[in-house]
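# from the sequence below, what's the structure:
(chains A and B)
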Amino acid sequence: MNPTAPGADLPEHPDFLWDNPEPKRSYDVVVVGGGGHGLATAYYLAKVHGITNVAVLEKGWLAGGNMARNTTIIRSNYLWDESSGIYEHSLKLWEGLEEDLGYPILFSQRGVLNLAHSLQDVRDSVRRVEANKLNGIDAEWVDAAGVREICPIVNTLPDVRYPVLGATYQPRAGIAKHDYVAWGFARAAAALGVDLIQDCEVTGIESTAGRVTAVNTTRGRIGAGKVALCAAGHSSVVAKMAGFDLPLVSHPLQALVSELLEPVHPTVVMSNAVHVYVSQAHKGELVMGAGIDSYAGYGQRGAFHIIEDQMAAALELFPVFARAHLLRTWAGIVDVTPDASPIVGLTPVENLYVNCGWGTGGFKATPGVGDCFAHTVAKGKPHPYAEPFTLDRFTTGALVDEHGAAAVAH
Amino acid sequence: MQLIPCPWCGPREETEFHYGGQAHVAYPQDPAALSDEDWAKFVFFRANPSGPLPERWTHSAGCRRWFNAVRDTRTHDLLAVYRLDEPRPVIP
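Numbering: from 1, shown residues only, chains lettered A, B, ... in the order given. Predicted structure coming up:
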């Protein structure tokens, strides 16, 4: 086999991706936030519900926030039925997304291992595997030898501080090329008539008699029949403009990549206990992330000691990485809820809908939540998969506690 | 990593500290009178501003005492550090 340059198998981009229109005076639906969730919501509004008089407003450039900063992991092995519903719905959409969008997204179902390092980890993992199976989600428990077979570079020797005792394995999980996902949704939405408006920051939200009427932006006032918030890390700030609070705290979440390496890592490995997750990008970089920085912040940078901890964990799990060079680090701003589950649905303001609180795990939900949120906005009532994730669960107490399956310390 | 000025020990590295979330969240004066909405606000809702935020820190690897700080969440700059029995300083 001839050697090929890294990235040689990546597809060429078409000339046209989307227009750059001037904002109109009003729209049926204004989507606030031009990241993955906002673009997917606009796409499904147009495609499924025939609502095409839609603007997506982005304060920077399309998909330049968390969408450009995430670690691209896709899986649906959550514990509770509510989460299984929406994440598995999403995974099924991922499996047909390339054909649906007519655009390459490099969805690679290479599987995910969630490692267990203690007896309690093992028990929790086996419980989650059984819960997944009951929900029709592919999952199995593998022991240390099984981990070695799936990903030979994981250190499964017993003499490390937190030995690998086994893992949950979801074979249908994987990664996709995040930029291509955003561009695919943007291109398809634009083709259906959606206006994608960049460099347009929302500065205020107007309502009359409790019903939303318009958004004020750095490019003028834009009337809105309905407003759909998809502002991720800045959701608290945007909701405050509309006069209500959200149970969110925004944190920096850091990630990093190595230089390009030969293919060494065949799957995705996550460890909640020693706190790192690793996959190898299509071009060859090792992509790694860990937990959030503890303090609240919007600065898109975090503390270096978090990276140090994450590198120590990575090296214990993967001694083969010892000589890899770090290429770059960055941070996104994630909006974290008290139960590590998202908030999707209605708000105290009529015709204003919110999609936020995905914390560290929003990317995997992109098509699923786009579909469910578009339904919620179009019909004015929650999609069945989104119904458990209402804002008022914090008053009723019907929390969906996914700290154990979120895979990252919140 | 940044230096955090502990009111008792002076400037020390961030790794010596732990974060305690928003400051000045008082326990309800009359808990029995609270509605479910009030309880939700008290238990789950915290200020999440893009800008100055009063918050609690503990110098866990030093004097182990708690203190308050006003920090700008956009820049991480510590605008004020003060003891728990002191009021929140006015930030110009």
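# does chain B sit close to stretch A:52-65?
No: contact between stretch A:52-65 and chain B is absent, the nearest approach being 12.1 Å (criterion: CB under 8 Å from any CB of the partner chain). To be clear about C-beta, it is placed using only N, CA and C from the backbone, and glycine gets the same treatment.
# residue contacts, residue 42?
Went with chain A since none was named. Neighbouring residues of A:Ala42 by CB atoms under 8 Å, 6 or more residues apart in numbering or on different chains: A:29, A:31, A:54, A:56, A:185, A:189, A:194, A:196, A:374.
# hm, I was asking about chain B
Going by CB under 8 Å, 6+ apart, B:Phe42 touches B:25, B:27-28, B:34.
# got it, and A:Glu350?
Taking CB under 8 Å, 6+ apart, we find A:Glu350 in contact with A:207, A:210-212.
# just the pLDDT for residue 72.
Using chain A here. Per-residue confidence (pLDDT) for A:Thr72: 96.
# switch to chain B, please.
B:Asp72 carries a pLDDT value of 97.
# relative to A:Ala145, how far out is the spatially closest residue to it that is not a sequence neighbour?
Spatial nearest neighbour of B:Asp72, chain neighbours left out: B:Pro52 (5.5 Å); criterion: CB to CB, 6 or more residues apart in numbering or on different chains. Applying CB to CB, to the nearest Å, the value for B:Pro52 to A:Ala145 is 54 Å.
# the two: which has the busier surroundings?
Set B:Pro52 next to A:Ala145 and count neighbours by other CB atoms under 10 Å in any protein chain shown: B:Pro52 wins out with 16 against 9.
# quick check, the more buried one in contact with B:Arg74.
No: B:Pro52 lies out of contact with B:Arg74 (CB atoms under 8 Å); the separation is 9.3 Å.
# all helices for the chain, in order.
No chain specified, so I'll use chain A. Per DSSP state H, chain A carries helices over the ranges A:36-49, A:81-101, A:119-134, A:144-150, A:178-191, A:235-241, A:304-317, A:366-379, A:393-396.
# if you could check chain B rather than the one you did, that'd help
Using DSSP H, helices in chain B cover B:36-44.
# quick one: residues contacting A:Ser83.
Residues in contact with A:Ser83, defined by CB under 8 Å, 6+ apart, are A:341, A:400, A:402, A:405.
# so what's residue 83 scoring on pLDDT?
No chain was given, so I picked chain A. With respect to pLDDT, A:Ser83 scores 97.
# I was after chain B.
The score at B:Arg83 is 96. That number is its pLDDT.
# tell me the buried residues in stretch A:310-323?
Residues of stretch A:310-323 classed as buried: A:310-311, A:313-314, A:316-318, A:321 (neighbour count, 16 or more other CB atoms under 10 Å in any protein chain shown).
# now that stretch: mean pLDDT?
The pLDDT scores in stretch A:310-323 average 93.
# can you tell me which residues contact the one residue in the stretch 1-150 of chain A that gets nearest to chain B?
The minimum distance from the stretch 1-150 of chain A to chain B, using CB to the nearest CB, falls at A:Lys59 (12.1 Å). Residues near A:Lys59 by CB under 8 Å, 6+ apart: A:199-202, A:218.
# most neighbours among those, which one is it?
These, ranked by neighbours (other CB under 10 Å): first place A:Val202, 24 neighbours.
# that one pairs with what?
A:Thr217 (DSSP bridges).
# who in chain B is up against chain A?
Contact residues (CB under 8 Å from any CB) of chain B with chain A: B:1-2, B:14-15, B:18-19, B:21, B:36-37, B:39-41, B:43-46, B:48-50, B:53, B:55, B:71, B:73-76.
# for burial, what's the neighbour tally of the closest residue to A:Trp18 other than its chain neighbours?
Nearest residue to A:Trp18 in three dimensions, chain neighbours excluded: A:Ala190, at 3.7 Å (CB to CB, 6+ apart). Residues lying near A:Ala190 (other CB under 10 Å) number 22.
# for A:Ala190, give me the pLDDT.
Note on A:Ala190: pLDDT of 96.
# ok, now A:Asn2?
54.
# before we move on, what about A:Thr390?
At A:Thr390, pLDDT is 97.
# where in chain A is pLDDT low?
Counting by pLDDT under 70, chain A has low-confidence residues at A:1-7, A:13-16, A:407-410.
# that one against chain B: which residues are in contact?
Residues of chain A lying near chain B (CB under 8 Å from any CB): A:234, A:236-237, A:245-250, A:294-299, A:301, A:303-305, A:335, A:338, A:394-396.
# buried subset of those, written for ChimeraX?
Per 16+ other CB under 10 Å, the buried members of these correspond to this ChimeraX selection:
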select /A:234,236,237,245,246,247,248,249,250,294,295,296,297,298,299,303,335,338,394,395
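# inside strands: which ones of the residues of chain A next to chain B?
Within those, residues falling in strands by DSSP state E are A:249-250, A:335.
# how about these in a markdown table, adding distance to A:Pro104?
A markdown table is the format used below for those (distance: CB to CB, whole Å):
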| residue | distance to A:Pro104 |
| --- | --- |
| A:Val249 | 36 |
| A:Ser250 | 32 |
| A:Asp335 | 30 |
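# closest one to A:Leu39 out of those, please.
Nearest to A:Leu39 among these is A:Asp335, at 17.9 Å by CB to CB.
# do I have it right that the closest one meets A:Cys356?
Yes: counting by CB under 8 Å, A:Asp335 does reach A:Cys356; the two are 5.3 Å apart.
# between the contacts of A:Ala42, identify the one with the most neighbours.
When neighbours are counted by other CB under 10 Å, A:Phe185 leads the contacts of A:Ala42 with 36 neighbours.
# how about the residue sitting nearest the centre point of chain B, what does it touch?
The residue lying closest to the centre of chain B (CA atoms, centre = their mean) is B:Glu55, at 1.5 Å. Listed by CB under 8 Å, 6+ apart, the contact partners of B:Glu55 are A:295-296, B:19-23, B:68-71.
# rerun that using 10 Å as the cut-off
A:295-296, B:19-24, B:46-47, B:68-71, B:73, B:78 (CB atoms under 10 Å, 6 or more residues apart in numbering or on different chains).
# and which of those is nearest to A:Pro263?
Nearest to A:Pro263 among the contacts of B:Glu55, counting by CB to CB, is A:Tyr295 at 37.4 Å.
# what sits closest to that closest one if chain neighbours are left out?
Spatially, and ignoring its direct neighbours in sequence, A:Tyr295 is nearest to B:Tyr19 (4.6 Å; CB to CB, 6+ apart).
# what does A:Gly210 give?
Spatial nearest neighbour of A:Gly210, excluding adjacent residues (CB to CB, 6+ apart): A:Glu350 at 5.5 Å.
# ok, the one you found to chain B distance?
Distance, A:Glu350 to chain B, by CB to the nearest CB, to the nearest Å: 19 Å.
# partners of that residue in the sheet?
Bridge pairing for A:Glu350 - DSSP bridges - gives A:Arg211.
# got the contact list for the closest residue to A:Asn132 other than its chain neighbours?
Distances taken as CB to CB, 6+ apart place A:Ala139 nearest to A:Asn132, at 3.6 Å, with adjacent residues excluded. Taking CB under 10 Å, 6+ apart as the criterion, A:Ala139 is in contact with A:75-77, A:112, A:114, A:125, A:128-133, A:168-173.
# A:Val129 versus A:Ala139, what's the distance?
A:Ala139 is 5 Å from A:Val129, by CB to CB.
# go on, A:Asp28?
A:Asp28 is 44 Å from A:Val129, by CB to CB.
# higher neighbour count, these two?
More crowded of A:Asp28 and A:Val129, by other CB under 10 Å: A:Val129, with 22 against 16.
# I'd assumed A:Tyr78 was in contact with that one.
No: using CB atoms under 10 Å, A:Val129 makes no contact with A:Tyr78, being 11.8 Å away.
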